[in-house]
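> build me a structure from this.
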Amino acid sequence: MARLITLSFSASNTQLLLSTTVAGGGATASIPLNNPYPFVFADLARTITLTSTDDLSGVNFTITGTNQFGIATNEVLAGPNNSTVTSVNQYNTITNIASSGNYTNFSIGSGSTGTFQWIKLNTMNVDAQVSIAGAVTGTINYSVNQTLNALEKYVQAGPSFTYVVNTTPISFPVVAGLTNATTNQIYYLPSPVTALQGIVNSSTGGTLTLNILQQGLQ
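Presented below is the predicted three-dimensional model:
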């Protein structure tokens with residue numbers, strides 16, 4: 001039986017995590033989101049945005065969370081000045097956002113770029129065929145990569161074994177049509193690979209639905 005995996009990248013939303021609030025903050029104060037921490041982007045890591053119609057450039061915001069591999073990630077981002085600023089890091093989970101001072105007319109949202117988690121494929125299949133389809137709305141630029149590397153393994157050190165996650169697998173484009181693509185695309189992968197990964201390189205109000213259909217065991 002074939003296995004269908006669907007991944008989605010929704011349009012950027014400057015109020016997704018925190019709707020515009022009149023005022024709040026204070027030294028090292030944790031900012032309450034629309035919903036309790038942690039905030040999770042399903043199946044992907046994504047940049048986040050800070051937006052305000054006021055000048056908050058003198059306020060530092062500390063963002064804490066994890067990346068697509070579950071590794072702790074954090075950064076300090078200077079606030080916006082009647083604008084939107086975007087995080088450098090991409091986050092799968094946001095465990096806390098704190099301000100160094102007061103903020104006004106302020107919101108927190110989702111950015112225009114993101115990286116899907118690696119999708120492991122069944123390399124034991126006799127028939128290795130995989131269908132990959134990207135469906136888009138609006139303006140978006142995306143790519144799909146493949147790897148033959150193992151994503152995790154056990155490494156022996158003396159009598160003990162340590163579980164290690166490969167955070168930098170060597171990857172290659174699947175095909176030119178799925179590299180910096182801006183329209184609906186479909187491709188049939190005839191040879192086995194370890195895993196596939198989708199990347200949203202940029203977007204302006206655009207969405208992406210990425211479907212991966214793997215042929216079942218024979």
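> beta partners of Thr84?
Listed beta-bridge partners, Thr84: Thr51 (assigned using DSSP bridges).
> can you read off the pLDDT for it?
At Thr84 the predicted local distance difference test score is 98.
> next one: Val126
Note on Val126: pLDDT of 71.
> could you report the separation of it from Val59?
Using CB to CB, to the nearest Å, we find Val126 at a distance of 59 Å from Val59. Bear in mind the C-beta positions are built from the backbone N, C-alpha and C, glycine included.
> of these two, who's got more company?
More crowded of Val126 and Val59, by other CB atoms under 10 Å: Val59, with 21 against 8.
> quick one: low-confidence parts of the protein?
Within the chain, the ranges that satisfy pLDDT under 70 run 1, 22-23, 25-28, 216-218.
> from the centroid of it, which residue is nearest?
Relative to the mean C-alpha position of the chain, the nearest C-alpha, by CA atoms, centre = their mean, is the one of Ala45, at 2.0 Å.
> quick one: contacts for that one?
By CB atoms under 8 Å, 6 or more residues apart in numbering, the residues touching Ala45 are Asn67, Gln68, Gln90, Tyr91, Asn92, Gly114, Thr115, Gln117.
> 7 Å instead?
For Ala45, the set of contacting residues under the criterion of CB atoms under 7 Å, 6 or more residues apart in numbering consists of Asn67, Gln68, Gln90, Tyr91, Asn92, Gly114, Thr115.
> check contacts around the third one.
Counting by CB under 7 Å, 6+ apart, Gln90 makes contact with Ala45, Arg46, Thr47, Asn67, Gly114, Thr115.
> try it again with 8 Å
Ala45, Arg46, Thr47, Asn67, Gln68, Gly111, Thr113, Gly114, Thr115.
> partner residues bridging the last one?
Going back to what we said before, that points to Thr115. When bridges are called by DSSP bridges, Thr115 pairs up with Ala45, Ile199.
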